[in-house]
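1. just to be clear, the model below is a prediction. Sequence and coordinates:
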Amino acid sequence: MLFRTLADEDVNIVIDAMSAENKKAGEQIIKEGDEGLTLYVVGSGEYDCSKTINGTNTYLKTYKTGEYFG
């Protein structure tokens, strides 16, 4: 859905610029304050998103296959 409006040749450019990363269960992928230079697309599995609010780690969302964040 993210790249739906791109022409086929532009989609290929995006795909060629991507790289795969394997993450372990419980591994932190990004944290608040990071530069935000990377867009992560979930290829498989689920990733929980949380934020520290008033000193408490608060669950926000679970990202599933096909969703993206970054």
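-> Received it, and whenever you're ready, just let me know what you need.
2. please count neighbours and contacts with C-alpha atoms only from this point.
-> OK.
3. please, where are all the helices along this structure?
-> Under the criterion DSSP state H, helices of the chain are mapped to 8-17.
4. so, low pLDDT: which residues of it?
-> Applying pLDDT under 70 to the chain flags residues 1.
5. hmm, try it at 50
-> Filtered on pLDDT under 50, the chain yields no residues whatsoever.
6. ok, residue 36 - contacts?
-> residue 70 (Cα atoms under 8 Å, 6 or more residues apart in numbering).
7. ok, it to residue 8 distance?
-> Going from residue 36 to residue 8 by Cα to Cα, to the nearest Å gives 26 Å.
8. ok, now residue 28?
-> To residue 8, residue 28 is 33 Å away according to Cα to Cα.
9. swap in residue 15?
-> 11 Å.
10. do residue 55 as well
-> With distances taken as Cα to Cα, residue 55 is found 46 Å from residue 8.
11. quick one: the strands in the protein, in order.
-> Assigned by DSSP state E, the strands in the chain fall at 40-41, 46-53, 56-64, 68-69.
12. turn these into JSON lines, columns for distance to residue 24.
-> Formatted as JSON lines, the strands of the chain follow (distance: least, Cα to Cα, whole Å):
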{"stretch": "strand 40-41", "distance to residue 24": "15"}
{"stretch": "strand 46-53", "distance to residue 24": "10"}
{"stretch": "strand 56-64", "distance to residue 24": "15"}
{"stretch": "strand 68-69", "distance to residue 24": "17"}
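13. deepest-packed of those, please.
-> Among the strands of the chain, strand 40-41 has the highest mean neighbour count (mean count of other Cα atoms under 10 Å), at a mean of 16.
14. which strands and helices sit next to that strand?
-> Applying 3 or more Cα pairs under 8 Å, 6 or more residues apart in numbering; DSSP states H and E, one finds that strand 40-41 contacts strand 68-69.
15. that's all I had, so thanks and see you.
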